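Student: sequence first, then the predicted structure, then my questions.
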Amino acid sequence: MQPLKPSPLSRPLIASLLASLCAILWGSAYPSIKLGYELFLVGPDDTAAKMAFAGLRFTFAGLLVLLFRCFQQGEKQRFRTLDGKAWVQILMLGLLQTTIHYTFFYIGVSYTTGAKSSILNSSSVFFSALLAHWVYANDHISMRKGLGILLGFISVVMVNFEPNLGITFSLKGEGFVVIAAFLTSASALYSKRVSRRIDPVLLTSMQLFLGGLILLVIALAQGASFPTSTLAGYVLLLYMASLSAVAFSIWTTLLKHNKVSSITVFNFLIPVVGTLLSALILGESIFRLQYLLALPFVVAGIVLVTYSSSKTPV
């Protein structure tokens, strides 16, 4: 039996370009969420409305991917091959990566700035390195990775430091964003495992749809109204759903064919894009001392943690 040919997605240039695209799309989500709260009239303390907004976005995103797959030949056959264990894994990933993760994320982002959220959420790279150390024999923490993790967590402290005030950190704001970052890391490792037996794009569509739908139902059960807005709000929602559909589909596929750390290195673009777009779209000031200090630290930390040879087995 001849060995399987490597996927084109495992080629460094292709993987790098696609991972960068995902990071740029996710970076644009930070100001989009803040703007979406304004357009959908979501109150600052209305947790149920925030969950409903997130749930609608990801349910729609899952449907977009699903519709795309339905037009592809043989997709119905893929559904028929899913057994009970596969559906349980899809549901588990949907709960972890969409329902629970984005509950923390959407609440956390609403209580802090878009720029600060994008920097804090980059700690997912460092959590990924720590988790991968225990899960994969070929992805242990080296001296360089250890230094990168240290720099990353120093950046988290820096971004929460306010001159004359000291450390400003709230559990419901910055704390929830960091918890969401940890859930992102755990989800990536589980997604890589599940995608070995389930088509990555099909997995993405179903986990987004089921996770988003559960989130929306929970929000409505808590008394939230179904999200409504103007045409501008619905256009923004379509963009947010589309970026999730595209980014998650590509990211899940890349994780299947590459080392986790060789892909997550491109997360360094997320805080940079998120910070710049938050300034451009929301008018947030990025020339704050803690941001100017934290960004170089977080970028250097991410590169040190995940810049490793891609020649070792996946």
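Tutor: Now that the structure is in, tell me what you want to look at.
Student: from now on I want contacts and neighbour counts done on CA atoms only, so please keep to that.
Tutor: OK.
Student: number of residues surrounding G55?
Tutor: 30 (other Cα atoms under 10 Å).
Student: let me see the contact set for it.
Tutor: With contact taken as Cα atoms under 8 Å, 6 or more residues apart in numbering, G55 is in contact with T99, G211, G212, L213, I214, L215, L216, V217.
Student: which residues touch the spatially most central residue of the chain?
Tutor: Residue closest to the average C-alpha location in the chain (Cα atoms, centre = their mean): T184, at 5.9 Å. Contact analysis of T184 by Cα under 8 Å, 6+ apart lists Q97, H101, S124.
Student: if we can go back for a sec, neighbour-wise, which of the contacts of G55 leads?
Tutor: G212 (31 neighbours).
Student: give me every residue that touches the closest residue in space to T275 that isn't next to it in sequence.
Tutor: Ranked by Cα to Cα, 6 or more residues apart in numbering and with sequence neighbours excluded, the top spatial neighbour of T275 is A115, at 4.1 Å. Contacts here follow Cα under 8 Å, 6+ apart; on that basis A115 touches Y30, P271, G274, T275, L276, S278, A279, E284, I286.
Student: show the buried residues in the residues you listed.
Tutor: With burial judged by 16 or more other Cα atoms under 10 Å, the buried subset of the contacts of A115 is Y30, P271, G274, T275, L276, S278, A279, E284, I286.
Student: same list (those) but as JSON lines, adding secondary structure and distance to P12.
Tutor: Listed next are those as JSON lines, based on DSSP: H, G, I helix; E, B strand; the rest coil; distance: Cα to Cα, whole Å:
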{"residue": "Y30", "secondary structure": "helix", "distance to P12": "28"}
{"residue": "P271", "secondary structure": "helix", "distance to P12": "22"}
{"residue": "G274", "secondary structure": "helix", "distance to P12": "25"}
{"residue": "T275", "secondary structure": "helix", "distance to P12": "27"}
{"residue": "L276", "secondary structure": "helix", "distance to P12": "27"}
{"residue": "S278", "secondary structure": "helix", "distance to P12": "30"}
{"residue": "A279", "secondary structure": "helix", "distance to P12": "32"}
{"residue": "E284", "secondary structure": "coil", "distance to P12": "35"}
{"residue": "I286", "secondary structure": "coil", "distance to P12": "32"}
